[in-house]
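Peer 1: missing the sequence, but the structure's below:
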């Protein structure tokens with residue numbers, strides 16, 4: 001019996017939970033990991049949680065506008081303005097109705113991974129809220145909007161809670177951290193620097209965004225971009241340069257079109273980063289667990305060493321003070337003795353401060369059985385779990401099975417905004433509420449009205465991330481009553497991008513084909529007519545869709561390698577239907593046609609004359 005992808009996802013999560021509870025949690029409790037790292041013990045909900053994206057930046061850099069752009073709509077509790085409007089942490093979650101959930105209630109919700117925020121107290125929870133709304137994006141990911149970082153004492157004192165510690169808590173659980181900058185406010189204040197500092201260890205998650213870049217010209221942008229990289233280089237202690245996406249990340253048209261092409265490419269790259277988060281979620285959870293295991297192991301050796309150095313009866317306090325003062329040598333000794341990496345050790349200054357409030361004599365001694373369990377996790381359990389994930393060793397069939405999803409929590413992709421209009425690509429048809437006309441062959445879609453009519457039916461099927469899983473789509477198609485062979489042909493035609501999923505437009509095509517067979521008795525075509533293929537997917541299909549040239553409409557030519565079989569070719573000319581019935585082969589150079597996906601006008605006219613000259 002084949003294991004569905006949802007079962008695979010559940011299996012990976014179950015194994016992670018078991019590894020944590022059996023091998024890691026006992027060591028965390030024994031050596032007080034939660035106290036020294038200020039990180040609560042993990043719960044089952046955190047293993048099952050959706051990917052999280054956290055947005056961080058100074059006020060008025062466009063964090064809330066970016067979220068609204070991603071969702072394609074406003075959300076409950078959204079406040080946007082040039083002043084510091086977002087005064088609380090807001091978690092956006094999917095739900096059947098629009099509402100806000102107070103922080104105290106959100107922190108005890110049994111299905112959400114926010115229980116650990118209780119440790120920051122009522123002062124923080126009163127400035128924490130959930131924003132629930134139905135959204136295809138939020139079915140796949142949780143977005144976290146943070147308050148704008150202020151300057152001076154307002155940031156440190158007036159909030160009523162430790163802002164940087166809350167950011168650190170979310171950063172540890174986030175899959176992606178978006179650090180936003182305004183092209184007009186590049187200065188990294190001390191408060192912003194302290195926030196960036198707590199992101200240390202999560203550099204692989206950080207993506208920088210230089211927002212509102214359309215408000216400056218090309219020369220100014222070059223200078224601003226260089227100044228930002230210089231500032232980041234001084235702030236983030238890393239030899240690598242962080243990835244910086246440049247553009248205007250909201251739905252409004254660009255104010256300056258000089259860099260429109262660059263901004264479009266940058267936005268496309270960022271949206272790809274966001275779209276693949278669900279596919280990488282399992283890898284991220286394993287990665288975070290491995291980091292945690294290494295930290296626990298190093299902490300166990302440290303606590304065990306400190307305990308072993310304490311006298312049995314007299315002079316305990318004096319010895320403890322000496323060990324704390326000599327902590328760099330303690331770390332160095334443990335590192336050499338047990339062959340540990342420096343990056344596995346806690347921050348020495350913070351750790352020393354924590355030690356001052358403890359009694360070494362009360363520490364637990366090193367237990368080698370627990371160390372061995374941690375080693376087994378790294379050498380056996382985790383590598384075995386990694387075999388469940390896609391790798392280069394997989395066959396195409398195995399790879400497809402691993403990357404598919406039959407209704408699990410992790411969809412293949414997140415739907416991202418499509419806003420070509422803002423890059424100056426708007427056409428008359430795009431702004432016309434009645435859509436494109438047939439005369440615009442590039443953009444006309446015959447099923448546009450059907451798509452609007454079937455939108456609610458598609459949403460009712462529960463698409464995850466904007467896609468119907470193979471199992472859900474299969475059940476829908478079976479209910480049509482068509483034969484298996486017919487459904488196979490319909491699937492091959494409607495799954496245009498061949499990813500094993502049906503998005504809204506592909507679902508509409510599938511329903512159109514089913515209706516054509518059932519209601520109108522039409523045969524299933526060997527290929528989709530051009531007008532039925534969604535315009536956004538025409539580049540994914542085989543060569544040659546219908547074109548209109550000087551009033552002459554024609555259908556795609558059928559060919560094999562460098563030969564055109566005229567018997568299979570029909571050309572619809574103005575007021576004249578020319579049908580070629582005799583097999584005749586024409587040799588024709590199709591290099592340009594193959595690479596572009598269509599014939600240029602001169603090529604078509606030459607081909608048309610050749611066809612007429614061979615007509616019998």
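Peer 2: Perfect, I can see it now. Quick caveat, the model's predicted, so the values are computed rather than measured. Residues are numbered from 1 along each chain as shown.
Peer 1: Helices along the stretch 51-200 of the chain, start to end?
Peer 2: In chain order, the stretch 51-200 of the chain shows helices spanning 63-71, 103-107, 121-125, 153-156, 163-173, 190-197, with DSSP state H, counting those that start in this stretch as the criterion.
Peer 1: Where does the prediction get shaky in the stretch 251-400 of the chain?
Peer 2: In the predicted model, the stretch 251-400 of the chain carries pLDDT under 70 at residues 389-400.
Peer 1: and if we set it to 50?
Peer 2: Along the stretch 251-400 of the chain, the parts satisfying pLDDT under 50 run over 392, 394-396, 399-400.
Peer 1: ranges for the strands of it?
Peer 2: For the stretch 251-400 of the chain, no strands are identified by DSSP state E, counting those that start in this stretch.
Peer 1: so what secondary structure elements neighbour the helix ranked longest in the chain?
Peer 2: Longest helix in the chain by number of residues (criterion: DSSP state H): helix 277-308. Under the contact criterion of 3 or more CB pairs under 8 Å, 6 or more residues apart in numbering; DSSP states H and E, helix 277-308 touches helix 5-19, helix 25-30, helix 33-36, helix 327-338, helix 368-376, helix 382-386. C-beta coordinates here come from the backbone N, C-alpha and C atoms, glycine included.
Peer 1: Going by neighbour count, which residues in it are buried?
Peer 2: Neighbour-count burial for helix 277-308 flags 277-282, 284-286, 288-289, 292-307 (criterion: 16 or more other CB atoms under 10 Å).
Peer 1: List the residues that contact residue 203.
Peer 2: 236, 238, 240, 242 (CB atoms under 8 Å, 6 or more residues apart in numbering).
Peer 1: Find the nearest non-adjacent residue to the second one, please.
Peer 2: This means residue 238. Distances taken as CB to CB, 6 or more residues apart in numbering place residue 203 nearest to residue 238, at 5.7 Å, with adjacent residues excluded.
Peer 1: Where does the prediction get shaky in this protein?
Peer 2: 1-6, 392, 394-396, 399-400, 402-412, 427-429, 542-616.
Peer 1: thinking again about what came up before, out of the helices of the stretch 51-200 of the chain, which is closest to residue 374?
Peer 2: Closest approach to residue 374 among the helices of the stretch 51-200 of the chain (CB to CB): helix 163-173, 19.2 Å.
Peer 1: how much space between residue 225 and residue 214?
Peer 2: As for residue 225, its distance to residue 214 is 13 Å (criterion: CB to CB, to the nearest Å).
Peer 1: Those two: which has the busier surroundings?
Peer 2: Legend: neighbour count by other CB atoms under 10 Å for residue 225 and residue 214, higher for residue 214 (24 against 16).
Peer 1: Provide the secondary structure category for that one.
Peer 2: Secondary structure, DSSP: H, G, I helix; E, B strand; the rest coil: residue 214 is helix.
Peer 1: I'd guessed it sits against residue 256; true?
Peer 2: Yes. The criterion here is CB atoms under 8 Å, and residue 214 meets it with residue 256 at 5.1 Å.
Peer 1: in stretch 308-321, what counts as buried?
Peer 2: By 16+ other CB under 10 Å, the buried positions in stretch 308-321 come out as 310, 319, 320.
Peer 1: before we move on, what about stretch 356-364?
Peer 2: Quick answer for stretch 356-364 (16+ other CB under 10 Å): 358, 360, 363.
Peer 1: and it, how far apart are its ends?
Peer 2: 17 Å (CA to CA, to the nearest Å).
Peer 1: And the contacts of that stretch?
Peer 2: With CB under 8 Å, 6+ apart as the criterion, stretch 356-364 contacts 30-31, 303-304, 306-307, 309-310, 316, 319-320, 323-324.
Peer 1: what are the ranges of the strands in the stretch 51-200 of the chain?
Peer 2: Going by DSSP E, counting those that start in this stretch, the stretch 51-200 of the chain shows strands at 52-57, 89-94, 99-102, 128-133, 142-145, 176-182.
Peer 1: circling back: switch the contacts of stretch 356-364 over to a markdown table; also include distance to residue 382.
Peer 2: Below are those laid out as a markdown table (distance: CB to CB, whole Å):
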| residue | distance to residue 382 |
| --- | --- |
| 30 | 21 |
| 31 | 20 |
| 303 | 23 |
| 304 | 23 |
| 306 | 28 |
| 307 | 28 |
| 309 | 32 |
| 310 | 34 |
| 316 | 39 |
| 319 | 38 |
| 320 | 36 |
| 323 | 33 |
| 324 | 34 |
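Peer 1: Relative to residue 350, which of these is nearest.
Peer 2: Closest to residue 350, out of all of the contacts of stretch 356-364 and judged by CB to CB, is residue 324, at 12.6 Å.
Peer 1: wait, the closest one sits on residue 353?
Peer 2: No. At 9.3 Å, residue 324 and residue 353 do not qualify as touching, with contact defined as CB under 8 Å.
Peer 1: More neighbours: these two, which one.
Peer 2: Taking other CB under 10 Å, residue 324 and residue 353 do not tie; residue 324 has more neighbours (17 against 11).
Peer 1: what separates the more buried one from residue 344, distance-wise?
Peer 2: Distance of residue 324 to residue 344, given as CB to CB: 20 Å.
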